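> Structure, please.
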Amino acid sequence: MLEIRDLVKVYPGPVAALQGVSIEVSSGMFGLLGPNGAGKTTLMRIVAGLLEPTSGKVIFNGEDIVNDPRLIRRQLGYLPQDFGFYPHLSGEAMLRFLLVLKGVEAPQGLKRLATELLDRVNLSYAAKRKVKGYSGGMKQRLGIAQALAGDPRLIVVDEPTAGLDPEERIRFYRLLAELAEDRTVLLSTHIVEDISVLCPRVAIMYDGRFVADTTPTEARKRLAGTIYQGAVEQQDLDEIERLYRITQAILIEGRNQVRIHISQGAAAKGGVPEGFEPVSPTLEDAYLLLAQANGEASS
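Numbers count the residues shown, from 1 in each chain. A predicted model of the protein is given here:
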């Protein structure tokens, strides 16, 4: 069990990156969703024992890791947003070097452990290849391989799929889902699809605060009967934006397709614009509406 209690982080300035966040996370996959600058990376670094909070507690399996970060490092696997590799080393050599830095114990030798970890993340075929020749997805899997060393009970991954192509992203989804079967995996991202695919529970973060603690299913249910979609001419976009709360505006076959939120009461009174039809809500609709509402509240 991971418990985060009244966590505050204020940087010089002052800048309040975290404003008293609290949450409890049990085993399995837990998603942390929010825009860039919401405070997600600050929170991840505090949980990983790399950054000291201004106040508050982080407790994992009954141990206060703020008072003694060494307690979490023995149980932690961490994949930060930016993970540096030496490009001239092979994948196997890079991994062995990282295992030495982590102080991982390997009774049967680091070489064998590295081989087992590369096999676990499906990189055995590229063990001798230089890291500079790895794709983005391969580098992420190499990062997960080092995070798995020592059989950690808590794995923290920060923006793990950013920059991955669709095929690599699917591979990475499967790997993370497998890891979450018998441990706690904390996934921080600004990509809504990551949460929809992987996480049975998600906290939405904005401006250093949790603004929702929900499930993707529940978030969609709350918007049932309130999301409409229609084609809009370019010259009419500004008027639609003035009159309605837009959740998404995308181009499909060269035409603007706009999704808008209309309360059930307003819709019953004929408040739906011509050409718009009801559609099933998505987690992205819920997330963007929350972000808009909190952005307006803080402005």
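
> other SSEs contacting the longest helix that the chain contains?
In the chain, taking DSSP state H as the definition, the longest helix is helix 283-298. Secondary-structure packing of helix 283-298 (3 or more Cβ pairs under 8 Å, 6 or more residues apart in numbering; DSSP states H and E): helix 192-198, strand 201-206, strand 209-214, helix 216-221, strand 245-252, strand 255-261. C-betas here are computed from N, CA, C, even on glycine.

> Quick one, which of these gets closest to Gln292.
Gln292 sits nearest to strand 245-252 of all these, at 6.6 Å, using Cβ to Cβ.

> quick one: the closest one to helix 283-298, angle?
Strand 245-252 and helix 283-298 are oriented at 130 degrees to each other (axes from the mean of the first three to the mean of the last three Cα atoms, to 10 degrees).

> next structured bit after the helix or strand of the chain with the lowest mean pLDDT?
In the chain, the helix or strand scored least confidently by mean pLDDT, DSSP states H and E is helix 264-268, which has a mean of 74. Using DSSP states H and E, the next helix or strand after helix 264-268 towards the C-terminus is strand 277-278.

> Sheet partners, orientation included, of that next one?
strand 227-232 (antiparallel) (DSSP bridges).

> Could you list the alpha-carbon positions for the strand it pairs with in PDB?
The C-alpha trace of strand 227-232 is given here as PDB (Å, rounded to 0.1, in the frame of the first residue of the first chain):
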ATOM      1  CA  ILE A 227     -21.600  14.800 -25.300                       C
ATOM      2  CA  TYR A 228     -22.600  15.700 -28.900                       C
ATOM      3  CA  GLN A 229     -20.600  15.700 -32.100                       C
ATOM      4  CA  GLY A 230     -21.100  17.400 -35.500                       C
ATOM      5  CA  ALA A 231     -19.300  18.800 -38.500                       C
ATOM      6  CA  VAL A 232     -18.600  22.500 -38.300                       C
END
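
> Please state the mean pLDDT value computed over it.
Per-residue pLDDT over strand 227-232 has a mean of 93.

> Excluding its own residues, what touches the following helix or strand past that strand? List them.
Counting by DSSP H and E, the next helix or strand C-terminal to strand 227-232 is helix 237-243. With contacts defined as Cβ atoms under 8 Å, 6 or more residues apart in numbering, helix 237-243 is touched by Val232, Ile246, Ala249, Asn256, Val258, Ile260, Pro273.

> Check which residues of helix 237-243 are buried.
Under the neighbour-count criterion of 16 or more other Cβ atoms under 10 Å, helix 237-243 has Ile240 buried.

> same question, stretch 80-92
So for stretch 80-92, counting by 16+ other Cβ under 10 Å, buried means Pro80, Phe83, Phe85, Ser90, Gly91, Glu92.

> I'd like those laid out as JSON lines, including secondary structure and distance to Ile144.
Listed next are those as JSON lines, based on DSSP: H, G, I helix; E, B strand; the rest coil; distance: Cβ to Cβ, whole Å:
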{"residue": "Pro80", "secondary structure": "coil", "distance to Ile144": "12"}
{"residue": "Phe83", "secondary structure": "coil", "distance to Ile144": "10"}
{"residue": "Phe85", "secondary structure": "coil", "distance to Ile144": "13"}
{"residue": "Ser90", "secondary structure": "strand", "distance to Ile144": "17"}
{"residue": "Gly91", "secondary structure": "helix", "distance to Ile144": "12"}
{"residue": "Glu92", "secondary structure": "helix", "distance to Ile144": "15"}
